[in-house]
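S.K.: Kindly return the folded structure for what I paste below:
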Amino acid sequence: MDAIMSHGLARVLNLSLVLIALASLALVLAGCGGGSNAGSNGEATTPAPDGEVEANAALRVEDVSVAAGDQEAWFTVWRTDVERKAILRYATADGSAVAGTDYQTVQGALEFAAGESAKHVVVKLLGKPEERVDFSLVLADQEGTEQAVGRARIVPLLGEAAFDPNWADTGAFSNANSCAACHTANGQVMTHAGQDVSPPDMWKHSMMGQSLTDPYFQAALAEETHVFPHLAGKIEDTCLTCHAPMGRTHAHQTGVGLDSDGHYRLETALQQMHAREGVSCTACHQIRDDGKLGTAASFTGQYSLGTGEIYGPYPEPRAGAMQNRTQYTPVYSPHMRDSAMCATCHTLFTPVIDIATLQPTGKSFPEQTPYLEWRNSVYGPGRSAERSCQACHMAEPHDGYATQIATRPDGGTIANLPVRSPFHAHTFTGGNAHTLELLKAYRDVLGIADSTTEAGFEAAIARTRDLLAKETADLEIGIIGTDDDGRLAIPVTITNRTGHKLPTAYPSRRVWLHLEVTDRDGQLVFESGRPDAAGRLSVDADHLHPQCLAPKKDAPVAGCYEPHHEVIEDPAQVAIYESVLGDVNGNITYVLLHAAEYLKDNRIPPRGFDRSAVPADGTTGIFGRAAHDPDFNQDSTGEGSGTDTVHYRVETGDAQGPFTVQARLLYQAVRPTFVEALHADDPRVDRYKHMVQKIPPSVEELAETQAVY
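M.R.: Numbering: from 1, shown residues only. As a prediction, the model looks like this:
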């Protein structure tokens, strides 16, 4: 075998694969989710029926994307049978990349301890290829038959031209710098605790200011257009309605910049500075109250833009200065404080595309509905704790903060200008610290190094984490006891403190419980839900199987996600709160436009959420096992608690108490399956995967508590 390895490593290698204590070297099929096989409805508890593929091979090597010029490629080798020790042999094999020129050959063995599901193989890279090349890491059985292969792609990292924030007026739109001339802090005005709280700096380091630059958005959009090339123009035009509103609106208003089918395209947007400025001042502040805000007629980017008027939340605006310096007249309009403003782009329905025909079915799918979730909560309009989107996501520097909202162009304070309150800081703080981290780290690559600062993104990341840690959820360990089998009975209750589901919006997000029980000597007795350094859970090994991630399934596939749990009695089970998309055949999908239903939606509803108020079509509903969980969104007072309780049953064996129980509620904006499901041979997909491998999706702690029994 060593001689074979030393002679170029043919694609099929005679590697030995030794699984200690296993009777066979052949790959086996294994159950998912700690023994629970969640099928299309998340309810199945039996093995997959005949004809249904169980997507859990025992071994897998994960593909990797690295940038030309990187020093190393890191492969992850996964196994699903973790009960025993294992030794695996591996070796590299050429593709279009050549050993000795593009990478350094490696071969060897991996030793897995019992309970260990993943190992890394590091390959040294050589040179800096100018074109995309690839090589493989191969596992084979003792007969030399290939069993698992992972591919490394070495790609030139796509860079964007530098963004110019001083672009000229374009139709109805002006650049943010023209607004900043009179709306920037001067140490007195729009200043809090010595810090600048004026709109421009906070906005440009937010997800709103970088809505088009967002590398995940660009990768996800590229994926959809590769799956549906015949619909690419329509897809891009629709998505850019909210991600590049000034570019797309101007193109449709003038007919300039559209393709032959009348669509506004991504490549066009990336060449236009007014498009690259994202959701900017003169986009939002020209959205007018046309009587449709907050209704279905305004959702999915169906906003109505006025021209020549800038709407603001304060009465009797001083119009002269703005009229003299810009093309706009300020106009008071209270709709600027209304959540319905946000709903235009944060209530999104996508068309359902049939798997077989690749054509729209005529139905739509609720991709994200935080506004509708908010309406069905105690924070909604006319409810007991009414609070707008702006109150949380554009929070005042402190309650009752008041300030003048303009200065002279030279920075001077304007005498006798009214002091305004409430003053909503333009932070647009949400739950996406990870993408903000990518924007900070790759400012040069993304073309925003000259228009943003590391400090600006660091402040935005800190605000995001502060919101997540302090205002998102509560966690409580109830009365601990023992059950009839002598096991520790540990109830853990999560309370959603937000005004929408937890998590909400784009379906890549997940929340989960990490529970740890230790004995009197501090030795671990039980643990469920610990993420690794890359933010992955043990159950992700199954869910990342290629059959689960394939855009099109040739047969029904089970075991691709963790079902909702009322009771957890196995460390391999994890309480994960998430939405799982299903296609028209009831299979899991990560292709957004194939989504036709939610196979699972156990995201915790907001307080006051009433299932009877859910529309008949199920929009904002609860799906999968959670729909039958008696304490999901229910407590002793009835429905609408905004809570869920997970009941842990822990075998203590010979361990001695007192036992310490620590619970943490964790959150991730982009779960690993959504990254690995990006298959498109596209530089924007390559770039995003490279970024994520360098900076994995962060795990944020929402709440933590502990108890002793």
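
S.K.: what ranges do the strands span in the stretch 201-350 of the chain?
M.R.: 309-312, 329-332, 348-353 (DSSP state E, counting those that start in this stretch).

S.K.: To residue 498, which of these lies closest?
M.R.: strand 348-353 (18.3 Å; C-beta to C-beta). Heads up, the C-betas are built off the backbone N, CA and C, glycines and all.

S.K.: other SSEs contacting that closest one?
M.R.: Counting contacts by 3 or more C-beta pairs under 8 Å, 6 or more residues apart in numbering; DSSP states H and E, strand 348-353 is packed against strand 360-368.

S.K.: got the contact list for residue 509?
M.R.: By C-beta atoms under 8 Å, 6 or more residues apart in numbering, the residues touching residue 509 are 431, 503, 578, 667, 668, 669, 670, 671.

S.K.: oh sorry, the question was meant for residue 429
M.R.: 206, 392, 393, 394, 395, 460, 463, 464, 467.

S.K.: what's around the fourth one, how many residues?
M.R.: It refers to residue 394. By other C-beta atoms under 10 Å, the residues close to residue 394 number 22.

S.K.: Which residue comes closest to it once chain neighbours are left out?
M.R.: Nearest non-adjacent residue to residue 394, counting by C-beta to C-beta, 6 or more residues apart in numbering: residue 424, 3.9 Å away.

S.K.: Helix or strand for the one you found, just tell me which one.
M.R.: Under the criterion DSSP states H and E, no helix or strand holds residue 424.

S.K.: That one: neighbouring residues, count only.
M.R.: Residue 424: 20 neighbours (other C-beta under 10 Å).

S.K.: Among the contacts of residue 509, find me the one that's closest to residue 651.
M.R.: Among these, and counting by C-beta to C-beta, the member closest to residue 651 is residue 578, at 27.5 Å.

S.K.: Would you confirm that the closest one contacts residue 503?
M.R.: Yes: counting by C-beta atoms under 8 Å, residue 578 does reach residue 503; the two are 7.4 Å apart.

S.K.: list the residues that contact both of the two?
M.R.: Taking C-beta under 8 Å, 6+ apart as the criterion, residue 578 and residue 503 both touch 509, 510, 511, 603.

S.K.: How about the second one: which residues does it bridge to?
M.R.: According to DSSP bridges, residue 578, residue 668 are recorded as the beta-bridge partners of residue 510.

S.K.: one step back: only whichever of the shared contacts of residue 578 and residue 503 are buried, select them in ChimeraX.
M.R.: With 16 or more other C-beta atoms under 10 Å as the criterion, this ChimeraX line picks the buried residues out of the shared contacts of residue 578 and residue 503:
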select :509,510,511,603
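
S.K.: Looking at the shared contacts of residue 578 and residue 503, which is nearest residue 624?
M.R.: So of the shared contacts of residue 578 and residue 503, ranked by how close each gets to residue 624 (C-beta to C-beta), first place is residue 603, at 10.8 Å.

S.K.: ok, the closest residue to that closest one other than its chain neighbours - contacts?
M.R.: Distance criterion C-beta to C-beta, 6+ apart; nearest residue to residue 603, sequence neighbours excluded, is residue 501 at 3.9 Å. Going by C-beta under 8 Å, 6+ apart, residue 501 touches 370, 373, 603, 604, 605, 606, 620.

S.K.: Pipe those residues into TSV and attach secondary structure and pLDDT per row.
M.R.: Below are these laid out as TSV (DSSP: H, G, I helix; E, B strand; the rest coil; pLDDT from 0 to 100):
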residue	secondary structure	pLDDT
370	helix	98
373	helix	98
603	coil	99
604	strand	99
605	coil	98
606	coil	98
620	coil	96
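
S.K.: From those, pick the one nearest residue 488.
M.R.: So of the contacts of residue 501, ranked by how close each gets to residue 488 (C-beta to C-beta), first place is residue 604, at 24.2 Å.

S.K.: So what's the residue count around the closest one?
M.R.: Residue 604: 25 surrounding residues under other C-beta under 10 Å.

S.K.: correct me, but it touches residue 502?
M.R.: Yes: contact between residue 604 and residue 502 holds when scored by C-beta under 8 Å: they sit 4.5 Å apart.

S.K.: Spit out the residues that contact these two alike.
M.R.: Joint contacts of residue 604 and residue 502 (C-beta under 8 Å, 6+ apart) are 473, 494, 496, 511, 577.

S.K.: Of those residues, just say which sits nearest to residue 614.
M.R.: Distance to residue 614 across the shared contacts of residue 604 and residue 502 (C-beta to C-beta) is lowest for residue 496, with 16.3 Å.

S.K.: Residue 388 against residue 336, yeah?
M.R.: No: taking contacts as C-beta under 8 Å, residue 388 lies outside contact range of residue 336: 10.6 Å.

S.K.: Counting neighbours, go ahead and name the busier of these two.
M.R.: The neighbour comparison of residue 388 against residue 336 (other C-beta under 10 Å) goes to residue 388, with 20 against 17.

S.K.: Skip the chain neighbours and tell me the closest residue to that one.
M.R.: Computed as C-beta to C-beta, 6+ apart, the closest residue to residue 388 that is not its neighbour in sequence is residue 339, at 4.8 Å.

S.K.: who's the nearest residue to residue 328 once chain neighbours are set aside bridged to?
M.R.: The shortest distance from residue 328 to any non-neighbouring residue, by C-beta to C-beta, 6+ apart, is to residue 310 (4.4 Å). Per DSSP bridges, the residues bridged to residue 310 are residue 330.

S.K.: Number the chain from 56, please
M.R.: Got it, the first residue is 56 from now on, which makes the last one we talked about residue 365.

S.K.: Let me see the confidence value for residue 365.
M.R.: Residue 365 carries a pLDDT value of 98.

S.K.: With that, I have no additional questions.
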